[in-house]
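A.B. asks: mind looking at a prediction? Sequence and model below.
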Amino acid sequence: MPTNLPTELLRSFVAIVDSGSMLRATERVFVTQSALSLQMKRLEETVLTPLFHREGRRLSLTPAGQTLLGHARDILALNDRAVVALTGDALAGPARVGLVQDFAETLLSGVLARFAQLNPDTQLQVRVAGSPELLELLRSDRLDVILCMGAYDDPAAARTVPMVWHGDADLTKLDVLPLAILEAPCRFRDAALAALEREGRPYRVALETPSLSALRAAVQSGLAVTCRTSLFRPDAQPIPDAALPSLPKVAYVRRTGPAPHPSIGKLSELIHTAALEL
């Protein structure tokens, strides 16, 4: 009898490869790490060959795993197309959304929560990360739609807004300006450093962090100044323009993968509309 390859096992297999680890794959297929490990054991037993080289926590594909990966993607794509053909606009897989930290709080509690309520059968998966990472995930078909930061003249811009300085205005009177920045790569970090160096304004990095929450805490406590958009502290006044060097504009950029499913297209338009109001 022919061997059948269960699509749920193939979907988990592809998720592990695409995410780079079983731990990160759990965020994409919504099973525990132990369950995911058991699924891969079942898949290897089904195909009668090891699919992964295991070195501690690191996984790499065996030659058989490399061969299966291409077939798995083809089988899942055909499966999803068949489901769409039979169910109309129903989305076979999850709706995968990427957001930068600036948008996460507003959109998670707003448009994404509303989409989840209106589409209870659709799994919504959200990735919060920096713009470069989100763009790479979209290019590699690991996200369906993203809202990130981009250059002011980006053709995919949903809205263009000014960068502004945030913090205690009294800090601008110091001989050496204390600065809080996110880790590279970061568009706002680059803009702040370029503006200060262009004007010959002495500064020191008081805080460098990957966390927007830590950046906000440093600014609110009076430890340092930073540059973001008005979303960073919507209830606070930015530092007056004359106190520090001018900053460029930045775009809120909405991008969608090629040939999106109608449900993804609708979600993308909801996100675009929400971005216009941020």
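C.D. replies: Sure thing, it's come through.

A.B. asks: ok, which stretches of the stretch 101-250 of the chain are helices?
C.D. replies: Secondary structure of the stretch 101-250 of the chain (DSSP state H, counting those that start in this stretch): helices at 101-109, 111-118, 131-139, 187-198, 212-220.

A.B. asks: got the domain ranges for the chain?
C.D. replies: Listed by the TED database, the domain ranges of the chain are 7-87, 95-155+253-277, 159-251.

A.B. asks: out of these, which gets nearest to Met1?
C.D. replies: With C-beta to C-beta as the criterion, Met1 lies closest to domain 7-87 of the domains of the chain, at 12.7 Å. For every residue, glycine as well, the C-beta is placed using N, CA and C.

A.B. asks: now do that closest one, average pLDDT.
C.D. replies: On average, the pLDDT along domain 7-87 is 84.

A.B. asks: same question for stretch 149-158.
C.D. replies: For stretch 149-158, mean pLDDT is 90.

A.B. asks: can you redo the helices of the stretch 101-250 of the chain as a markdown table with mean pLDDT and mean neighbour count?
C.D. replies: As requested, the helices of the stretch 101-250 of the chain are arranged in a markdown table below (pLDDT from 0 to 100; neighbours: other C-beta atoms under 10 Å):
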| stretch | mean pLDDT | mean neighbour count |
| --- | --- | --- |
| helix 101-109 | 79 | 18 |
| helix 111-118 | 78 | 15 |
| helix 131-139 | 91 | 17 |
| helix 187-198 | 95 | 17 |
| helix 212-220 | 92 | 17 |
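
A.B. asks: these: which one's closest to Leu278?
C.D. replies: Nearest to Leu278 among the helices of the stretch 101-250 of the chain is helix 101-109; the distance by C-beta to C-beta comes to 6.4 Å.

A.B. asks: got a list of contacts for that closest one?
C.D. replies: Helix 101-109 has contacts (C-beta atoms under 8 Å, 6 or more residues apart in numbering) with 99, 126, 128, 147, 149, 211-212, 228-229, 231-232, 252, 271, 274-275, 278.

A.B. asks: next step: those restricted to strands.
C.D. replies: Leu99, Val126, Val128, Leu147, Met149, Arg228, Tyr252 (DSSP state E).

A.B. asks: how close does the last one sit to Glu277?
C.D. replies: Read it as Tyr252. 10 Å (C-beta to C-beta, to the nearest Å).

A.B. asks: which one's more surrounded, those two?
C.D. replies: The residue with more neighbours, out of Tyr252 and Glu277, is Tyr252; 26 against 10, by other C-beta atoms under 10 Å.

A.B. asks: is the more buried one in a bridge, and if so with what?
C.D. replies: On the basis of DSSP bridges, Tyr252 is bridged to Met149, Arg159.

A.B. asks: these two touch, right, it and Ala158?
C.D. replies: Yes. At 5.0 Å, Tyr252 counts as touching Ala158 under the criterion of C-beta atoms under 8 Å.

A.B. asks: any residues in contact with both of these two?
C.D. replies: Residues within reach of Tyr252 and of Ala158 at once, by C-beta under 8 Å, 6+ apart, are Leu147, Ala275.
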